[in-house]
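Q: Dropping the sequence and predicted coords here.
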There are 2 protein chains.
Amino acid sequence: MKNAVVLLSGGLDSATCLAVARAEGYRCHAISFDYGQRAHSELQAAKALCDAMQIADFHVVPLALGTLGGSALTDNSLSIPEDGMEDAGIPVTYVPARNTVFLSYALALAEVKDASVIFIGVNALDYSGYPDCRPEFIAAFEKLANLATRAGAEGGVMRIAAPLQEMSKADIIRLGHRLGVDYSLTVSCYQADEQGRACGRCDSCRLRSRGFAEAGIADPTRYQS
Amino acid sequence: MKNAVVLLSGGLDSATCLAVARAEGYRCHAISFDYGQRAHSELQAAKALCDAMQIADFHVVPLALGTLGGSALTDNSLSIPEDGMEDAGIPVTYVPARNTVFLSYALALAEVKDASVIFIGVNALDYSGYPDCRPEFIAAFEKLANLATRAGAEGGVMRIAAPLQEMSKADIIRLGHRLGVDYSLTVSCYQADEQGRACGRCDSCRLRSRGFAEAGIADPTRYQS
């Protein structure tokens, strides 16, 4: 049985990604990050997803990214936008170098667990404004990973798998539904409450809600009111 | 005044690297990592170097790398080799994906501080066994950095500077000596004691000692006995 490391945020995309990795027959090692994000219930969701999918190896890595500041997701002095999700620029919810840091840790774990693939649930359509979600970025990290590691230096190959890269939100939901993902466990909201209930107003909530509608699948999201 | 982020371990190479960045006229933001390394006195050395070089912005980032295991530097159940420093393989002191993680954090800090360059003191001669010290790795990270960041996405350029890459230990010591580095503050030893005194026996100690001898400069290293 081959090993895979799966980046798991507790959101809809990464939950689907974990289901894909499992369906492909990998022994999955899930990794989440506690980086001072407002929605701490994401981490509880990640744990619940691992329990539900019987993923025995789950790591929560504390990060000090929040202390560097610079993002509305970690800096309470910036407000989260509730309109204009089609804005062409880089959103203020962007966290500096986040996916670079996340993938670096995943790479460290992959070395320790002898994994040959890292799954990441980036999605070009959702996050077109985030530079570190683009296919070019993923390809560059894969190249780096193969230069960075003992396995790479000894002729092994490390693959960065981004199976959702080109899918719509509705396609992702249909795929996860088919693979048995319990989306009621996932948290997408940027400002979910302690119980994991969503605000229903932020960009992430609206994209998610629209995705379920387009997929023709009942939305199990729990809302705050 | 342009900003630079400098990776500072508290060792001889990174201290020299910081001096180079400062001499090139950069406002320096130093970053160190607390990753469960045995030689905790390295961090005290990094702080002392910042004080001596009047670097006002110094970050110590706690990392959870140690909990992943897999290296003699962080795992007390593995012993540090005291002979055979010319071994051609990857040393057991290799920490999984370490420089990838370090550079990722440096990149996050560079974004926050609006820095256009990251200095890293890797050296091809010392660390020929570490895959993540090779010039190809540094070049691949520079490419990644320019794809990963807001600045890169908006047309900026991020440079990874490795000024010591091709230098011998003696050349590094001569350069730092000329730039006024106080090497008595630096700690190179893999198993230094709480006062930062070196064992004199590990690979790192022997490379350092030989470097001072070849440079013809008095060795200010403090030894344990």
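A: Structure's in. What do you need? Numbers count the residues shown, from 1 in each chain, chains lettered A, B, ... in the order given.
Q: Isn't A:I120 up against A:A162?
A: Yes. Counting by CB atoms under 8 Å, A:I120 does reach A:A162; the two are 5.4 Å apart. To be clear about C-beta, it is placed using only N, CA and C from the backbone, and glycine gets the same treatment.
Q: Pull the number of nearby residues for A:A140.
A: Residues lying near A:A140 (other CB atoms under 10 Å in any protein chain shown) number 23.
Q: is it true that it lies in a helix?
A: Yes. Using DSSP: H, G, I helix; E, B strand; the rest coil, the secondary structure at A:A140 is a helix.
Q: which residues does it contact?
A: Neighbour list for A:A140: B:A140, B:K143, B:L144, B:L147, B:A148 [criterion: CB atoms under 8 Å, 6 or more residues apart in numbering or on different chains].
Q: does the fourth one belong to a helix or a strand, and which?
A: I take that to be B:L147. Assigned by DSSP states H and E, B:L147 falls within helix B:135-148.
Q: Could you give me the buried positions within that helix?
A: Of all the residues in helix B:135-148, those buried under the rule 16 or more other CB atoms under 10 Å in any protein chain shown are B:F137, B:I138, B:A140, B:F141, B:E142, B:K143, B:L144, B:A145, B:N146, B:L147, B:A148.
Q: Closest one of these to A:S225?
A: Within the buried residues of helix B:135-148, the smallest distance to A:S225 is 38.0 Å, found for B:A148 (CB to CB).
Q: how close does the closest one get to A:I172?
A: Shown here: B:A148 relative to A:I172, a distance of 23 Å by CB to CB, to the nearest Å.
Q: again with A:I217
A: 11 Å.
Q: now do A:A124
A: 12 Å.
Q: And A:G11, by the same measure?
A: Plainly put, A:G11 is 11 Å away from A:I172 if you go by CB to CB.
Q: For those two, indicate the residue with more neighbours.
A: A:I172 (25 against 21).
Q: Check which residues of the longest strand along chain A are buried.
A: Assignment by DSSP state E gives strand A:27-34 as the longest strand of chain A. Applying a neighbour-count criterion of 16+ other CB under 10 Å, one finds A:C28, A:H29, A:A30, A:I31, A:S32, A:F33 buried in strand A:27-34.
Q: Is it possible to get TSV of the residues you listed that adds pLDDT and distance to B:I55?
A: Formatted as TSV, the buried residues of strand A:27-34 follow (pLDDT from 0 to 100; distance: CB to CB, whole Å):
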residue	pLDDT	distance to B:I55
A:C28	96	43
A:H29	92	38
A:A30	93	39
A:I31	91	33
A:S32	89	34
A:F33	83	28
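Q: what's the spacing between the closest residue to A:D182 other than its chain neighbours and B:C17?
A: Distances taken as CB to CB, 6 or more residues apart in numbering or on different chains place A:A52 nearest to A:D182, at 5.6 Å, with adjacent residues excluded. Distance of A:A52 to B:C17, given as CB to CB: 48 Å.
Q: Look at the two and report which has more neighbours.
A: Per other CB under 10 Å, whichever of A:A52 and B:C17 has more neighbours is B:C17, with 29 against 14.
Q: surely the more buried one meets B:L164?
A: Yes. Using CB under 8 Å, B:C17 is in contact with B:L164, at 6.2 Å.
Q: Give the residues shared as contacts by those two.
A: Contacts common to B:C17 and B:L164, judged by CB under 8 Å, 6+ apart, are B:G121.
Q: any idea how far A:V157 is from A:A115?
A: Taken as CB to CB, the span from A:V157 to A:A115 is 11 Å.
Q: In terms of neighbours, single out the busier of those two.
A: The neighbour count for A:V157 versus A:A115, taken as other CB under 10 Å, is higher for A:A115 (24 against 11).
Q: Just give the closest residue to the more buried one, not the sequence neighbours.
A: Nearest non-adjacent residue to A:A115, counting by CB to CB, 6+ apart: A:N3, 3.9 Å away.
Q: show me the contacts for the one you found.
A: A:Y26, A:R27, A:C28, A:H29, A:A110, A:K113, A:D114, A:A115, A:S116.
Q: Helix or strand, whichever it is, which one in chain A has the lowest mean pLDDT?
A: helix A:65-68 (a mean of 54; mean pLDDT, DSSP states H and E).
Q: Show me what the next helix or strand after that one is packed up against.
A: Downstream of helix A:65-68, the next assigned helix or strand under DSSP H and E is helix A:98-113. Counting contacts by 3 or more CB pairs under 8 Å, 6 or more residues apart in numbering or on different chains; DSSP states H and E, helix A:98-113 packs against strand A:3-7, strand A:27-34, strand A:57-62, strand A:117-119, helix A:135-148, helix B:65-68, helix B:98-113, helix B:135-148.
Q: Number of residues surrounding A:Q195?
A: 10.
Q: For the nearest residue to it once chain neighbours are set aside, which residues are in contact?
A: Using CB to CB, 6+ apart and skipping residues adjacent in sequence, the residue nearest A:Q195 is A:S41, 6.9 Å away. Taking CB under 8 Å, 6+ apart, we find A:S41 in contact with A:G10, A:V187, A:A192, A:D193, A:E194, A:Q195, A:G196.
Q: PyMOL command to pick out the buried ones of these?
A: In PyMOL syntax, the buried subset of the contacts of A:S41 is picked out as below (16+ other CB under 10 Å):
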select buried, chain A and resi 10+187+192+193+196
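Q: Please tabulate the contacts of A:S41 in TSV, including the columns distance to B:C133 and pLDDT.
A: Putting the contacts of A:S41 into TSV (distance: CB to CB, whole Å; pLDDT from 0 to 100) gives the following:
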residue	distance to B:C133	pLDDT
A:G10	35	92
A:V187	40	90
A:A192	42	85
A:D193	46	86
A:E194	44	83
A:Q195	47	84
A:G196	43	85
